[in-house]
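A.B. asks: structure, please.
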Amino acid sequence: QVQLVESGGGLVQAGGSLTLSCAASGRTISSYTMAWFRQAPGKEREFVAGSHPSGLGYYADSVKGRFTISRENAKNTVRLQMNSLKPDDTAVYSCAAPRNGRVGFLNQINHYDYWGQGTQVTVSS
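C.D. replies: Here you go, the predicted structure:
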């Protein structure tokens, strides 16, 4: 059973930065794509960023150039560095992992089978 636990959310002013962490247990992440999604109030969950097993990151257009995803396989952890935050970035951010054997540049909700409980990010104007 894969478990994902996010941390690092909070309240920040527009233009500020936050770093989210996702600690995985139950399997190692080194061979799998990992991703961050977010859901704002009244909106559907959306893809934010993904980390391919090769180490390459890929991003939604709305965060490209501002967010950076990284992984530390030795600690089974994925991080999301968020800079130049905007009020529109306010959401619950969740970490996601696919089922065994699924890799690639996955950016759809149905590509992922395991989800963390989420961490709230609030950006004030």
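
A.B. asks: which non-adjacent residue is nearest the one residue sitting closest to the centre of the chain?
C.D. replies: By C-alpha atoms, centre = their mean, the chain has its centre lying nearest to W36, at 2.0 Å. Sequence neighbours aside, V48 is the residue nearest to W36 in space, at 4.4 Å (criterion: C-beta to C-beta, 6 or more residues apart in numbering). C-betas here are computed from N, CA, C, even on glycine.

A.B. asks: next, count neighbours for the one you found.
C.D. replies: V48 has 24 neighbours, counted by other C-beta atoms under 10 Å.

A.B. asks: surely V2 and A97 touch.
C.D. replies: Yes - look at V2 against A97 with C-beta atoms under 8 Å: they come within range, at 5.6 Å.

A.B. asks: which residues do the two both contact?
C.D. replies: Common neighbours of V2 and A97, using C-beta atoms under 8 Å, 6 or more residues apart in numbering, are A24, D113, Y114.

A.B. asks: between these, which sits nearest N107?
C.D. replies: Comparing the shared contacts of V2 and A97 against N107 with C-beta to C-beta places D113 closest, at 14.8 Å.

A.B. asks: quick revisit: can you say which of the shared contacts of V2 and A97 are buried?
C.D. replies: Buried residues within the shared contacts of V2 and A97, counting neighbours by 16 or more other C-beta atoms under 10 Å: A24, Y114.

A.B. asks: inside helices: which ones of the shared contacts of V2 and A97?
C.D. replies: Among the shared contacts of V2 and A97, no member falls in helices (DSSP state H).

A.B. asks: any chance you could map the helices in the chain?
C.D. replies: Under DSSP H, the chain gives no helices.

A.B. asks: if I pick V78, what's in contact with it?
C.D. replies: Contacts for V78 (C-beta under 8 Å, 6+ apart) come out as S21, C22, A24, I29, M34, W36, S51, I69, S70, R71, E72, C95.

A.B. asks: please consider this matter closed, and thank you.
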